[in-house]
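Colleague: here is a sequence together with a model predicted from it:
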Amino acid sequence: MKRVMNVVGARPNFMKIAPIQRAMNQSNGALEPILVHTGQHYDKRMSKLFFEDLQLPEPDIYLGVGSGSHAEQTAKIMIDFEKVCLEKKPDMVLVVGDVNSTVACSLVASKLWIPVVHVEAGLRSFDRKMPEEVNRLVTDALSDYLFVTEKSGRENLLKEGVPESKIHFVGNVMIDSLTFFLEKAARSSILAELELEPQGYALVTLHRPSNVDDPDNLRKIVSAFAEIQKDIPIILPMHPRTRKNLERFGLQNLFSSLPNVRLLEPIGYLDFMQLTRNSRFVMTDSGGIQEETTYLGIPCLTLRENTERPVTVEVGTNVIVGTDTELIIQLARQILNGKWKEGQQPELWDGQAAQRIVDVLARS
Ligand code: UD1
């Protein structure tokens, strides 16, 4: 039996680890998962709610590191995670995605000669101003098993000199969670609670530092919402980073003159899936939501200058719009007029990615 330490820290990690934990628990004793939560995200609505929705067990180990600058947060995780590795002696450390917890735990494991498994390897925005891009590059450079979600991931890794034998194209664990929980999400009462009709609203998420740490970009995006909300209500569950920045910049009232924009607290996984699936379209700067909308066939405008998930644009329903107010308005109108690409589902996004990962690890 191999002991695999599965690491989560921030919101987008939870839906990626849930199917992996499940598949490991069903591996007939080949793999023994140990779940470590760094505590990078700690608010109930950013963490515990997701554990409940995704039927994740309580973490075996909780580090409780909390927020801080990049160096502080990464260093705190490393100090605590090193102790855990020395005590538990895992055979492998498995990290997902591209958050600070991902890179911190990869570094620790690598220096202790514990093989590193990276799920969602190889994605590249080619924009090193994104903290996630730095996290991806470092994590992939240190990893022994690199599981990729789309073909671009494989190509990027090969160009960076990663040996082909380390790369495995297995599909997308985020889509594993989506397919597993879609039926349950359909029973959510969120539409009724918010008095929304299917197809009767646009859904927005906004939290990237390039957007919400920059008051000019924030204003440009909200100016687009000001026009779009005249045609369709906008629902915006607000990330704590965004809320704190609005206060910091004295922009709390930015939305108050927009009667058709509804700000919500962050919401759980099942409710959010139900809101996404029933929306007319989505505007987001998230990575994962570009993938979920592609799978669901919901039009998506990505409020960034680039994407590390090009398959969502090439095959899916996603278009990169950046923060250009006029372009956002123009493309939103195009969607409302029914002129949008249909999109298809990317290869191997079939709900079986975690099983493929477990198969590779179990026979390694
Ligand atoms: C992190 C990830 C990002 C991911 C996002 C999803 C990194 C570098 N970034 O960004 O890739 O898309 O999570 O949510 O790892 N805060 C709270 N409560 C919480 C967590 C955070 O109030 O539970 C506030 C704190 O003020 C904190 C700020 O949000 O300083 C930012 O949190 P942090 O973990 O540093 O990065 P995110 O912006 O959440």
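Modeller: Perfect, I can see it now. Residues are numbered from 1 along each chain as shown.

Colleague: now do the contacts for the residue lying farthest from the centre of the chain.
Modeller: Each residue of the chain has a distance to the centre, and by CA atoms, centre = their mean the biggest one is for Ser257: 30.8 Å. Taking CB atoms under 8 Å, 6 or more residues apart in numbering, we find Ser257 in contact with Ala226. (Glycine included, C-beta is placed from N, CA and C.)

Colleague: now swap in the one 3 residues further on and tell me
Modeller: Asn260 makes contact with Gln229, Lys230, Ile232, Pro233, Ile234 under the criterion CB under 8 Å, 6+ apart.

Colleague: quick check: what element follows the lengthiest helix in the chain along the chain?
Modeller: The longest helix of the chain (DSSP state H) is helix 70-88. The helix or strand immediately downstream of helix 70-88 is strand 92-96, counting by DSSP states H and E.

Colleague: beta partners of Asn318?
Modeller: With DSSP bridges as the criterion, Asn318 is bridged to Cys300.

Colleague: let me know whether Gly97 touches Met15 as I believe.
Modeller: No. Counting by CB atoms under 8 Å, Gly97 stays clear of Met15, with 9.9 Å between them.

Colleague: residues in contact with the longest helix of the chain: which ones?
Modeller: Counting by CB under 8 Å, 6+ apart, residues outside helix 70-88 touching it are 3, 5, 7, 9, 34, 36, 38, 40, 61, 63, 65-68, 93, 100-101, 103-105, 107-109, 112, 114, 131.

Colleague: could you rerun that using 6 Å?
Modeller: Here helix 70-88 makes contact (CB atoms under 6 Å, 6 or more residues apart in numbering) with Thr38, Ile61, Leu63, Val65, Asn100, Ser101, Ala104, Cys105, Val108, Leu112.

Colleague: can I get it as CSV, trimmed to CA atoms?
Modeller: Taking Å, rounded to 0.1, in the frame of the first residue of the first chain, the C-alpha atoms of helix 70-88 are listed here in CSV:
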residue,chain,number,x,y,z
HIS,A,70,2.9,35.5,-0.9
ALA,A,71,6.2,34.9,0.8
GLU,A,72,4.6,34.8,4.3
GLN,A,73,1.8,32.4,3.2
THR,A,74,4.1,30.1,1.2
ALA,A,75,6.8,30.0,3.9
LYS,A,76,4.3,29.3,6.7
ILE,A,77,2.9,26.4,4.7
MET,A,78,6.4,25.0,4.0
ILE,A,79,7.4,25.2,7.7
ASP,A,80,4.3,23.3,8.9
PHE,A,81,4.1,20.9,6.0
GLU,A,82,7.7,19.8,6.4
LYS,A,83,6.9,18.7,10.0
VAL,A,84,3.9,16.7,8.7
CYS,A,85,6.0,15.0,6.0
LEU,A,86,8.7,14.0,8.5
GLU,A,87,6.1,12.6,10.9
LYS,A,88,3.8,10.8,8.4
